[in-house]
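Visitor: After the sequence you'll find the predicted model.
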Number of protein chains: 2
Amino acid sequence: MGIAERRERERRRRRTEIIDAAEEVFFAKGIDDATMDDVAEAAELSKGTLYLYFESKEDLYFAIAARGIEVLHGLFSEAVREQPTGMDKLNAIGYAYYDYYKTYPDYFQAVLHHEHNTTVPAEATSNERLCLSQGRAVHGLMANVVQEGIDDGTIRPELHPQLTALTLWGAATGIIQIMAHKSAMLASEEVSDDLLYTYFVTAMGFAMANVAEHT
Amino acid sequence: MGIAERRERERRRRRTEIIDAAEEVFFAKGIDDATMDDVAEAAELSKGTLYLYFESKEDLYFAIAARGIEVLHGLFSEAVREQPTGMDKLNAIGYAYYDYYKTYPDYFQAVLHHEHNTTVPAEATSNERLCLSQGRAVHGLMANVVQEGIDDGTIRPELHPQLTALTLWGAATGIIQIMAHKSAMLASEEVSDDLLYTYFVTAMGFAMANVAEHT
DNA sequence: CAGTAAACTGACCACCAGTCATATTTCATA
DNA sequence: TATGAAATATGACTGGTGGTCAGTTTACTG
């Protein structure tokens, strides 16, 4: 009996279509200015139908954020491949994150929104949980890379993999966020985003790299 | 003719009273849940009056953020005093920022909100501009401290004061932001906020401190 | 005691997230 | 093929909110 399966498949497709439409609308107008009526029109559905697939506007945006995290995870996996040492991999991840921000600024924004607006997992919506679990995957990937670097001697052995991953993630996110309004800070100086980020990655390199590599 | 002056004084006082009321309401319920009617009631004024003093709800929140930045600037100034070297001052600022977050989490939140929701200065509200100029003051203070450290040999001489200040500010903010939902990441590990932040400051110390101090 | 300017009011408007009674479509069963 | 039940979809409606504005009150002046 393949009918139930087809129904399930169609339900998934509809869900995907709604997220596609929502991306279009949310990314074009921004979350605050976009309305659920806009999304409904873009999806060629009535507003009520949207609420059969998503708990709320917020939940729908979380679904987009989940996509965003998935994309990011893919980029990280790719960046890590072909890098010889743990430290090299960590650097590659650092730049992959920046590329991500530049290539998918709207996804970046959505992921950020999720990070800001998530509280206790107990009362989280389904898509919020999805984001959380995917976020854990990314975090795990980073922590593993740090461990690898410790093992191969390219990263300071006294570092704590999980803590280091968390620190790098937070710091990099902070740097990227400040880029948007840095013009207000650096009055006369002409500083490009690239320079600022490279500056940051270099600094983190100083902090993480194993100096006593002559063991 | 002191009447105009008194009028001006009273206008300022009313403005202050409104911000006081808004802080109470916004901090208690959070920006999204708090309404302008709530603020009006707390201020014992009609809603319309609020709009004689502030352009919008957002603008009113910016006024609170401006207070927050002022408080922060005071803490930084105090932290810097009595520290012998530039690097010591930088460290003191790092911990002062964390203290600020712990002591005035609501101000921290308001400042963050401003940083996220500010775009081009051209179409900024008056209180938004206020935040920007006060932000520049804090940034300037930090940049000066870095310069001082370079001059007294405690900070790497090749560092760029403004860029370094920006990097540290962004990174520290990112770390603090990630604290709020770190539990989702560090599943089993028991990591306190204090530990995480100390970990971060230590790392930044590695990155900034002048290793060749035996000149 | 008018006249006027500033401060203040609150009913009102436009807009929007979310709901729900109703309608349509799909499919199993006889 | 007819029937009805389950799944899916609809859109008018509601409650609540940011912001407005015509009118009122208050404070001062000549």
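Guide: That came through, no problem.

Visitor: what stretches of chain A score poorly on pLDDT?
Guide: Applying pLDDT under 70 to chain A flags the ranges A:1, A:187-189, A:213-215.

Visitor: Those residues of it touching DNA strand C, which are they?
Guide: Contact residues (CB under 7 Å from any atom of the strand) of chain A with DNA strand C: A:1, A:3, A:6-7, A:33-37, A:47-48, A:51, A:56-58. C-beta coordinates here come from the backbone N, C-alpha and C atoms, glycine included.

Visitor: Name the nearest of the residues you listed relative to DNA strand D.
Guide: Lowest distance from DNA strand D to the residues of chain A next to DNA strand C (CB to the nearest atom of the strand) belongs to residue A:48, with 1.8 Å.

Visitor: For burial, what's the neighbour tally of the closest one?
Guide: By other CB atoms under 10 Å in any protein chain shown, the residues close to residue A:48 number 9.

Visitor: Within the helices and strands, which one has it?
Guide: Element membership for residue A:48 (DSSP states H and E) is helix A:47-53.

Visitor: Buried ones in that helix, by neighbour count?
Guide: A:50, A:53 (16 or more other CB atoms under 10 Å in any protein chain shown).

Visitor: so what's residue A:107 closest to, chain neighbours aside?
Guide: In space, and not counting its chain neighbours, residue A:107 is closest to residue A:68: 3.3 Å by CB to CB, 6 or more residues apart in numbering or on different chains.

Visitor: quick one, what contacts residue A:29?
Guide: The contact partners of residue A:29, taken as CB atoms under 8 Å, 6 or more residues apart in numbering or on different chains, are residue A:38.

Visitor: contacts for stretch A:64-80?
Guide: Contacts of stretch A:64-80 (CB under 8 Å, 6+ apart): A:19, A:22-23, A:26, A:89, A:92-93, A:95-97, A:99-100, A:104, A:107-108, A:110-111, A:113-114, A:127, A:130-131, A:134-135, A:137-138, A:141-142, A:145.

Visitor: residue closest to the middle of chain A?
Guide: Closest to where the C-alpha atoms of chain A average out (CA atoms, centre = their mean) is residue A:69, at 4.1 Å.

Visitor: how much space between it and DNA strand C?
Guide: Distance of residue A:69 to DNA strand C, computed by CB to the nearest atom of the strand, to the nearest Å: 21 Å.

Visitor: Quick check: chain neighbours aside, which residue is closest to that residue?
Guide: Nearest to residue A:69 is residue A:134, by CB to CB, 6+ apart, at 4.2 Å.

Visitor: For the one you found, the count of nearby residues, please.
Guide: Around residue A:134 there are 20 residues (other CB under 10 Å).

Visitor: State the next helix or strand along the chain beyond the strand or helix carrying it.
Guide: With secondary structure defined by DSSP H and E, residue A:134 is part of helix A:126-151. Counting by DSSP H and E, the element after helix A:126-151 in chain order, helix or strand, is helix A:161-179.

Visitor: That following helix packs against which elements?
Guide: helix A:86-103, helix A:105-116, helix A:126-151, helix A:193-208, helix B:105-116, helix B:161-180, helix B:193-208 (3 or more CB pairs under 8 Å, 6 or more residues apart in numbering or on different chains; DSSP states H and E).

Visitor: Same list (those) but as CSV, adding distance to DNA strand D.
Guide: CSV is the format used below for the helices and strands packed on helix A:161-179 (distance: least, CB to the nearest atom of the strand, whole Å):
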stretch, distance to DNA strand D
helix A:86-103, 29
helix A:105-116, 19
helix A:126-151, 16
helix A:193-208, 31
helix B:105-116, 14
helix B:161-180, 23
helix B:193-208, 31
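
Visitor: Mean neighbour count, these: which tops it?
Guide: Of the helices and strands packed on helix A:161-179, the one with the most neighbours on average (mean count of other CB atoms under 10 Å in any protein chain shown) is helix B:161-180, at a mean of 23.

Visitor: before we move on, the earlier item: tell me the spacing between the residue nearest to residue A:107 and residue A:112.
Guide: Between residue A:68 and residue A:112 the computed distance is 9 Å (CB to CB, to the nearest Å).

Visitor: Likewise for residue A:22?
Guide: 17 Å.

Visitor: Run through the residues that contact residue A:206.
Guide: The contact partners of residue A:206, taken as CB under 8 Å, 6+ apart, are B:206, B:207.

Visitor: Surely residue A:60 touches residue A:52?
Guide: No - Residue A:60 is beyond contact range of residue A:52, at 11.9 Å (criterion: CB atoms under 8 Å).
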